[in-house]
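Visitor: missing the sequence, but the structure's below:
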């Protein structure tokens, strides 16, 4: 029996054929490289665990994932060698591990999925959400380039035009609109988001596991490689934009809850 008790930032439980992977950084569940590395390890273990056929990715607290914590130094960072086997790796390299999972994942999005948090919400195959949820690719509103592979995953779900609109405006959309444009699949009352996600995961798990794995691999063939290539580009663009005055203004405006005053420098 696989032991999942050593994780510090997440909890992993198995109930029948379905695993629940819970991010435990309430209320906002801000992410960093350490958190994403734990998720990567957990999902690799679940892939190798015959007791698991599908999983639910969810979060403790008010929000699914509010992205990076801009009250601290803006650094997506690397995972130190002490935190995992092998050399330290950038957050986005850790994130790419999540897209190489073999078993279906259902996301339970009960609150905000913002910036990189939206990137994390697009790791699952499906999303169950509620009217209170908020989805936003707010990078450009911060003076920044999208990351977490979103330049691949978002247009793949909602189409190139809708993705461009979400990127350029940084607008926040509620759960019902997310379902309407294909960003999520099911809309339920907020109190039922996790249970509905678990029910969907169980429905998937009751299909032939070999057939599901085979079909999923065909449907997602090339996705992880495309995300690897996209994150290389995203990192290059984020690196120089991080040094601009616009980025500093975007972060300041975000903290002060006002519209930014950008000058293109």
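Guide: Structure's in. What do you need? Just so we're clear, the structure is a prediction, and the values are computed from it rather than from any experiment.
Visitor: now do the strands in the stretch 101-250 of the chain.
Guide: 105-109, 112-114, 126-129, 134-136, 173-174, 186-187 (DSSP state E, counting those that start in this stretch).
Visitor: parallel or antiparallel, which strands does the fifth one pair with?
Guide: This points to strand 173-174. Looking at strand 173-174 with DSSP bridges, its partner strands are strand 134-136 (antiparallel).
Visitor: ok, residues contacting the partner strand?
Guide: Contacting residues not belonging to strand 134-136 are listed as 109, 111-115, 118, 121, 166, 170-175, 178, 183-184 [C-beta atoms under 8 Å, 6 or more residues apart in numbering]. For glycine as for every other residue, the C-beta is placed from the backbone atoms N, C-alpha and C.
Visitor: hmm, which of these are the buried ones?
Guide: 109, 111-115, 118, 121, 166, 170, 172-175, 178, 183-184 (16 or more other C-beta atoms under 10 Å).
Visitor: if we can go back for a sec, adding distance to residue 248 and mean pLDDT, write the strands of the stretch 101-250 of the chain out as JSON lines.
Guide: JSON lines is the format used below for the strands of the stretch 101-250 of the chain (distance: least, C-beta to C-beta, whole Å; pLDDT from 0 to 100):
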{"stretch": "strand 105-109", "distance to residue 248": "30", "mean pLDDT": "98"}
{"stretch": "strand 112-114", "distance to residue 248": "19", "mean pLDDT": "97"}
{"stretch": "strand 126-129", "distance to residue 248": "33", "mean pLDDT": "98"}
{"stretch": "strand 134-136", "distance to residue 248": "20", "mean pLDDT": "98"}
{"stretch": "strand 173-174", "distance to residue 248": "27", "mean pLDDT": "98"}
{"stretch": "strand 186-187", "distance to residue 248": "38", "mean pLDDT": "98"}
